[in-house]
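*Asks:* Sharing a sequence plus its predicted fold:
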Amino acid sequence: MTLSEKHNKLREILSDAGSAVIALSGGTDSSFLASVASAVDGARFLAVTVNTPYMFASEVSEAAVFCRSIGMQHREITFGIPESVTGNPPDRCYLCKTVVIKAIRKVAAEENIMTIFDGTNADDVNDYRPGMKALEEQKVRSPLLEAGLTKEEIRALSRAAGLGISEKLSNSCLLTRFPHDTVITADELRKAEKAEMLLAKMGFTASRLRVHGDIARIELRKEQMSGIISGEVREKVVTGLKELGYRYITIDLEGYRSGSMNKIS
């Protein structure tokens, strides 16, 4: 199918649904889905964002702002770290997604809405996504995937629509910054969030801070490596991260890679 045909198929899927709750993370995919849904005549959609300590606070607030900009009703659900993921087990994504979808399902029931949509796209099936098992079990539909839309196609359509989320960098929850089988507190999560915000403000966007006790291991894009080792920049990074409470500041020479904290065995 052409991009235009995929776009039309997405509109048809949304229109045929009639009503749905959209699980809105604040990222490009779910935001684009909400934007297209907001323009479907005669249908009813409600965006729901789950706010937990391991979500970036900025993404939660941006989701609310985005919904106001497209005129979509938005609800926020807030809860703490679920007991099932407190120890950051290897199957945390599955366990977390199960809890999140059940919470969204409750809101949907209150609104007499039967269908839940999420922002999974056609590229996600080729990636390691343990949370997709929970989506299947909870009968969540993925319209972007059903329409065959890839990440780059979603960005292209978002760009054409003038949506500011078109160039938004992909992100993952803060639990991915810590080793599996490690008890994680809300304070540690907020500290990691502040550390990555510090790196981003210094120009190291899409970097990751991996936490090993009091060691902060920085994963950078390869093109960013030379920029962080200059004297002034290095000193600012070290000072900033030590002020947050990290004792040792290291740079991972392998650079950024998704899933680097996954348990191997």
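*Replies:* Received it, and whenever you're ready, just let me know what you need.
*Asks:* where along the stretch 51-200 of the chain do the helices fall?
*Replies:* Ranges of helices in the stretch 51-200 of the chain, per DSSP state H, counting those that start in this stretch, are 57-70, 92-110, 131-137, 143-146, 151-160, 186-201.
*Asks:* Residue most distant from the centroid, this protein?
*Replies:* residue 231 (33.3 Å; Cα atoms, centre = their mean).
*Asks:* now that one: how far from residue 238?
*Replies:* As for residue 231, its distance to residue 238 is 11 Å (criterion: Cβ to Cβ, to the nearest Å). Bear in mind the C-beta positions are built from the backbone N, C-alpha and C, glycine included.
*Asks:* what does residue 39 give?
*Replies:* Counting by Cβ to Cβ, the gap from residue 39 to residue 238 is 48 Å.
*Asks:* again, but for residue 88
*Replies:* 27 Å.
*Asks:* Compare the two (neighbour count), which wins?
*Replies:* Neighbour tally, residue 88 and residue 238, criterion other Cβ atoms under 10 Å: the higher count belongs to residue 88, 20 against 14.
*Asks:* if I read this right, that one contacts residue 178, doesn't it?
*Replies:* Yes - taking Cβ atoms under 8 Å as the definition, residue 88 is a contact partner of residue 178 at 5.6 Å.
*Asks:* Mutual contacts of these two, please.
*Replies:* Jointly contacting residue 88 and residue 178 under the rule Cβ atoms under 8 Å, 6 or more residues apart in numbering are residue 184.
*Asks:* and residue 200, what does it touch?
*Replies:* Contacts here follow Cβ under 8 Å, 6+ apart; on that basis residue 200 touches residue 207.
*Asks:* Check it and give its pLDDT.
*Replies:* Residue 200 carries a pLDDT score of 94 in this model.
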